[in-house]
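Q: No sequence on hand, only this structure:
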């Protein structure tokens, strides 16, 4: 569902970068959120996804889940590990990866930044 709605969103935003690469990043973030982003208090809570384009034409892919912890963030951001998100960082599909906890400390948002360049999906 994320890939279908993501494709529509990228079209509506007129994303000039690689749509397959952006959809792969979106899919990896959603998959990680589904695997690691729920807690016993928020098992049935929906994820929130936001796609936006900055003035400098960077694509921001934000995925919010209900686990305020990202234990392996430093490794993933460095492209270390065998998960898809780390692989996308290594390949340069993601130019920046950040995360932040909500003010009430009940959720986190993981943000991937993509630029409109030539990236193999």
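A: Arrived safely. Predicted, not measured: the structure shown is a model, and the values here were computed from it. Residues are numbered from 1 along each chain as shown.

Q: any idea where the strands of this structure begin and end?
A: With DSSP state E, the ranges of strands along the chain come out as 48-53, 59-65, 96-101, 108-114.

Q: how far does stretch 60-79 stretch from start to finish?
A: 19 Å (CA to CA, to the nearest Å).

Q: dump the residue contacts of the closest residue to residue 85 other than its chain neighbours.
A: Computed as CB to CB, 6 or more residues apart in numbering, the closest residue to residue 85 that is not its neighbour in sequence is residue 28, at 4.7 Å. For every residue, glycine as well, the C-beta is placed using N, CA and C. Taking CB atoms under 8 Å, 6 or more residues apart in numbering, we find residue 28 in contact with 83-85, 88.

Q: Kindly reformat those as CSV containing distance to residue 64, pLDDT and neighbour count.
A: Below are the contacts of residue 28 laid out as CSV (distance: CB to CB, whole Å; pLDDT from 0 to 100; neighbours: other CB atoms under 10 Å):
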residue, distance to residue 64, pLDDT, neighbour count
83, 19, 89, 16
84, 19, 91, 16
85, 16, 91, 22
88, 19, 92, 24
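
Q: now, which of these lie within helices?
A: Judged by DSSP state H, those include 84-85, 88 as members of helices.

Q: Quickly name whichever of those residues is closest to residue 104.
A: Each of those was scored against residue 104 by CB to CB, and residue 85 proved nearest at 25.4 Å.

Q: Let me know how buried residue 92 is, in neighbour terms.
A: As a burial measure, residue 92 scores 15 neighbours (other CB atoms under 10 Å).

Q: Actually, residue 78.
A: Neighbours of residue 78 (other CB under 10 Å): 12.

Q: next one: phi and psi at it?
A: Phi and psi for residue 78, reported as degrees, to the nearest 10, are phi -80, psi 0.

Q: Provide a list of residue ranges in the protein with pLDDT below threshold.
A: 38-45, 118-121 (pLDDT under 70).

Q: how about the helices in it?
A: Using DSSP H, helices in the chain cover 2-13, 19-36, 73-77, 84-91.

Q: Minimum distance to residue 104: which of these has it?
A: Of the helices of the chain, nearest to residue 104 by CB to CB is helix 19-36, at 18.0 Å.
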